[in-house]
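Asks: Based on what follows, work out the 3D shape:
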Amino acid sequence: MASNIDPESDVDAESGQQGGVQSVERALAVLEILARDGHAGVSDIAEEMGIHKSTVSRLLGSLLSREMVQQNTERGKYQLGFGILRLASSIPGRLSLVREARPVLESLAEDFKETVNLAVLRSNYAVNVDQAMGPSTLATYDWVGSLTPLHATSSGKVLLAALTAEERNRVLQETGLPARTSRTITSRSKLETQLLEVARDGYAVVREEFEIGLKSMAVPVYNHIGTVIAAVSISGPSFRFDPENTPGLIQGLREAGLKISAKMGYRQR
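Replies: A predicted model of the protein is given here:
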């Protein structure tokens, strides 16, 4: 593919303002290939991008000089360098989870006509940090700032499932598994089985475990390194809200979680 391309025409195309923009786009494409594949050689990159190997070599040389890529010992292939980490490390502190999530929460609440919450893990509780209200007059309770038990809420179960076994054991030893309703899971073994299902399925469902008459479903939100930093939940009264049987809800909630994650720098693999 790349062998049919004239390197001289490639050089000409990179001259001037338009060529400068093209070079930037190509450099970004190189970084995206390395991020996706882990490592790649000059020929591999040239073939995928449809440009001459000499052009790829020049791009890699520029990226190498700025430590955006580095050359490994595997037949001279390239991988992302520490310069990328320096840039990425400055992102999280400048991103506001609540601000970035807000339009996604509002859209989800509008689409499914129920209450949507964003929760984070703080001091062994799921703390609701933002809420978007559905249009129903019944959805009037303000959960923002509320501390809710991890073992009895959908957001809490998503956050618990993301912890290491050691971290989860510490939290549950400190909080216990008090019953909020007759349906609250108070058995550690049953909870652990459910958390395995949450990790496998990518969402948690709670049916009147926190409050009689209330059902909810939640999905995780990831940061730039793939760590779960929050959970997005949607909840409603049991008489009209059945999360797993609401058309499009599981997919819509998952997409909402991934949209917020992408805003926080997460790149789905």
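
Asks: Quick one: the strands in this structure, in order.
Replies: Along the chain, the stretches classed as strands by DSSP state E are 69-71, 78-80, 115-122, 125-132, 147-149, 204-207, 214-222, 228-237.

Asks: Adding distance to Val158, mean pLDDT and mean neighbour count, write these out as a markdown table.
Replies: Every residue, glycine included, has its C-beta placed from N, CA and C. Output for those, formatted as a markdown table (distance: least, C-beta to C-beta, whole Å; pLDDT from 0 to 100; neighbours: other C-beta atoms under 10 Å):
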| stretch | distance to Val158 | mean pLDDT | mean neighbour count |
| --- | --- | --- | --- |
| strand 69-71 | 36 | 85 | 19 |
| strand 78-80 | 30 | 84 | 19 |
| strand 115-122 | 8 | 91 | 24 |
| strand 125-132 | 9 | 88 | 21 |
| strand 147-149 | 12 | 85 | 17 |
| strand 204-207 | 5 | 93 | 22 |
| strand 214-222 | 5 | 93 | 26 |
| strand 228-237 | 4 | 91 | 25 |
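
Asks: Ala35 and Asn169, how far apart?
Replies: 35 Å (C-beta to C-beta, to the nearest Å).

Asks: Pipe the strands of the chain into TSV and attach distance to Leu59 per row.
Replies: Below are the strands of the chain laid out as TSV (distance: least, C-beta to C-beta, whole Å):
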stretch	distance to Leu59
strand 69-71	9
strand 78-80	10
strand 115-122	40
strand 125-132	41
strand 147-149	50
strand 204-207	44
strand 214-222	30
strand 228-237	34
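
Asks: how about those strands, which one is nearest Arg188?
Replies: When these are ranked by proximity to Arg188, the top entry is strand 147-149, at 14.1 Å, counting by C-beta to C-beta.

Asks: helices or strands next to that closest one in the packing?
Replies: Where contact means 3 or more C-beta pairs under 8 Å, 6 or more residues apart in numbering; DSSP states H and E, strand 147-149 is packed against strand 125-132, helix 154-161.

Asks: Can you list the neighbours in contact with it?
Replies: Outside strand 147-149, the residues that touch it by C-beta atoms under 8 Å, 6 or more residues apart in numbering are 119, 122-123, 125-128, 155-156, 175, 178, 180, 210.

Asks: State the distance from Gly145 to Asp242.
Replies: Using C-beta to C-beta, Gly145 is found at 28 Å from Asp242.

Asks: scratch that, Gly20 is what I was asking about
Replies: Distance from Gly20 to Asp242, by C-beta to C-beta: 56 Å.
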